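K.L.:
Got a predicted structure plus its sequence, pasted below:
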Amino acid sequence: MYTYDRKEHEKRMAWFQEARFGLFIHWGLYSISGKGEWERSDGRLPAQPYEGRIADFTASRYEPREWARLARRAGMRYAVLTTKHHDGFCLFDSALTDFKATESPAGRDLVAEYVTAFREEGLKVGLYYSLLDWHHPDYPHSTDMLHPMRGNPDYPDEGRDFNRYLDYMHGQIRELMTNYGRIDMLFLDYSYGDMKGEKWKAAELVDMVRTLQPGIVINNRLETGGATFGSLLTRNPLPWHGDYVTPEQIIPPKGIRNEDGELVPWESCVTMNGHWGYCTLDRNWKSSRTLVRKLVECVSKGGNMILNVGPDAYGAFPQESIDILEDFARWMDKNGESIHGCGPYEAPKPEYGRFTKNGDRLFFHAFEKALGAMPIEGVPRDRVLSARALATGGELPIVDNFSYGAFPDTIFVDTGSTAQLPDETDYVIELRLKEEGRSR
């Protein structure tokens, strides 16, 4: 009988909750048309000619070391690559299928190159694997509401052997856990309806993964999709509960807490535009300012953010994605201490921004300029030792004059006389705090 071990869970999650920021990479055959990762489902495209694109998959501009350098400079501490998305095409050299990159003009195990490159840059290595498979002949059509052949009478489920598919799926995950050295994360995607838990032989799968990769971090999607959070929020999680929950394209209003009101590990999956895979027509790029602030919001609520890039048909990051990552690099170079190793500060959201905290260091993220000195509520005055601009290290005066005397429970920090903050994306003020209960 399974018994949840809180101490072991906290131990394997320590690096993840210190990291706070990761890179998601969606790349596959869907990148060739530039219409996004759901093209086959949205268009109800049959296997051919879609799968014939393998003849055009060259990966001629694939430079995983450059991907890894961009991620590291952006302050990301881990990455997750789609080894196989829902269409069933594998970026790794699986012995169980010919529908893979090594049988394409690329002719290489692209996952092996990714793992090596990101390890060399000091990032934790994660692998994404879709539980769905629109290529495999035994994967059911009728239960999958997004299957390209859903509702098509020419593609009945009769004759399909789901157990044979499970053997295939478990076998491929065994390959991923065996052939690439240490793997730090496994992102499984996704459960739906009654296709969850033991339908996937989840207990057996998790036992196999943890045996092959002790200490690996696994997400929660063996028992749920991105819309719900699963049994990790209960006092008695199921054996396949996963280590963290995965809200998608949303940041929970108050973080995510279990039945006892305690924060559980979570990670918000976020795209730079409206697609996960490369999409030439999607020009709806989020600004770097917005994305930096969303990262801060996640950390302020006890969560991580994994930010997605969809490489093009040849394996190159879009220039817009590179620009965003380089903007992150500039901001994180000066302010990364307010993200890495940080978590929430238990106080109401401040008027002009957000809090993050690490030990006796409280970081106030100012998103807009105040009229006069910056008011910071929720911090007892007698606990503040000093204030400084994190980006420069310059001391900032804590103002105490007649203008502010009517607000004894608010700290006022002088951010300068200019009409704008020195950094209009996020100006970080570090407050050094006395330990509670100490007088000096």
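P.N.:
Received, thanks.
K.L.:
After the strand or helix carrying L70, which helix or strand is next?
P.N.:
Element membership of L70, judged by DSSP states H and E, is helix 64-73. Proceeding N to C from helix 64-73, the next assigned helix or strand is strand 78-84, under DSSP H and E.
K.L.:
Export only the CA atoms of that next one, formatted as PDB.
P.N.:
Extracted in PDB, the C-alpha atoms of strand 78-84 (Å, rounded to 0.1, in the frame of the first residue of the first chain):
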ATOM      1  CA  TYR A  78      16.100  23.900 -16.100                       C
ATOM      2  CA  ALA A  79      14.500  23.000 -19.500                       C
ATOM      3  CA  VAL A  80      12.000  20.500 -20.800                       C
ATOM      4  CA  LEU A  81      12.000  19.300 -24.500                       C
ATOM      5  CA  THR A  82       9.100  17.500 -26.200                       C
ATOM      6  CA  THR A  83      10.600  14.100 -27.000                       C
ATOM      7  CA  LYS A  84       7.200  13.100 -28.500                       C
END
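K.L.:
tilt between the helix or strand following it and strand 78-84?
P.N.:
Where DSSP H and E defines the elements, the next helix or strand beyond strand 78-84 is helix 110-120. Put simply, helix 110-120 runs at 180 degrees to strand 78-84, going by axes from the mean of the first three to the mean of the last three CA atoms, to 10 degrees.
K.L.:
ok, then the element right after helix 110-120?
P.N.:
Heading C-terminal from helix 110-120 (DSSP H and E), you reach strand 124-130.
K.L.:
hmm, back to that, check which helices and strands the helix holding L70 sits against.
P.N.:
Helix 64-73 is packed against strand 21-25, strand 78-84, helix 110-120, helix 319-335, with contacts defined by 3 or more CB pairs under 8 Å, 6 or more residues apart in numbering; DSSP states H and E. Using the backbone N, CA and C atoms, a C-beta is placed for each residue, glycine as well.
K.L.:
same thing but 7 Å
P.N.:
helix 110-120, helix 319-335 (3 or more CB pairs under 7 Å, 6 or more residues apart in numbering; DSSP states H and E).
K.L.:
Out of those, flag the one nearest D360.
P.N.:
For these, the distance to D360 is smallest for helix 319-335, at 18.0 Å, taking CB to CB.
K.L.:
Quick one: residues in contact with the following helix or strand past that closest one.
P.N.:
Later in the chain than helix 319-335, the nearest helix or strand by DSSP H and E is strand 353-358. Strand 353-358 is contacted by residues 296-297, 299-300, 338-339, 341-345, 347, 362-367 when judged by CB atoms under 7 Å, 6 or more residues apart in numbering.
K.L.:
same thing but 8 Å
P.N.:
With contact meaning CB atoms under 8 Å, 6 or more residues apart in numbering, strand 353-358 is reached by 296-297, 299-300, 337-339, 341-345, 347, 349, 362-368, 378, 426.
K.L.:
likewise stretch 90-103?
P.N.:
Under the contact criterion CB under 8 Å, 6+ apart, stretch 90-103 has outside partners 27-28, 51, 54, 57, 59, 81-84, 88-89, 107-112, 114, 135, 168, 171-172, 175-176, 179-180.
K.L.:
Apply the buried test to those residues and list what passes.
P.N.:
Applying 16 or more other CB atoms under 10 Å to those, the neighbour count classes 27-28, 51, 54, 57, 59, 81-84, 88-89, 109-112, 114, 135, 168, 172, 175-176, 179-180 as buried.
K.L.:
Touching, Y114 and L81? I think so.
P.N.:
Yes - assessed by CB atoms under 8 Å, Y114 is found in contact with L81 at 5.1 Å.
K.L.:
Helices of the stretch 251-400 of the chain, start to end?
P.N.:
In the stretch 251-400 of the chain, the helices defined using DSSP state H, counting those that start in this stretch lie at 288-300, 319-335.
K.L.:
Distance from the chain centre to the first one, please.
P.N.:
Centroid separation between helix 288-300 and its chain, computed with CA atoms, centre = their mean, to the nearest Å, is 13 Å.
K.L.:
same check, this time on stretch 219-238
P.N.:
On CA atoms, centre = their mean, the centre of stretch 219-238 falls 17 Å from the chain's centre.
K.L.:
any residues in contact with both of Y114 and L81?
P.N.:
I25, L91.
K.L.:
Name the nearest residue to the spatially most central residue of the chain, ignoring sequence neighbours.
P.N.:
By CA atoms, centre = their mean, the mean C-alpha position of the chain lies nearest to I306, the distance being 2.3 Å. Distances taken as CB to CB, 6 or more residues apart in numbering place G22 nearest to I306, at 4.2 Å, with adjacent residues excluded.
K.L.:
Surely the one you found touches N304?
P.N.:
Yes - using CB under 8 Å, G22 makes contact with N304 at a distance of 6.6 Å.
K.L.:
about what we covered before: please work out which of the helices and strands packed on helix 64-73 is packed deepest.
P.N.:
helix 110-120 (a mean of 20; mean count of other CB atoms under 10 Å).
K.L.:
what sits up against that one?
P.N.:
Contacts of helix 110-120 (CB under 8 Å, 6+ apart): 25, 27, 59, 62, 64-65, 67-68, 71, 79, 81, 83, 91-93, 101, 124-125, 127, 176, 179-181, 183, 315.
K.L.:
can you list the domains in this protein?
P.N.:
Per automatic domain parsing, the structural domains of the chain span 6-338, 353-433.
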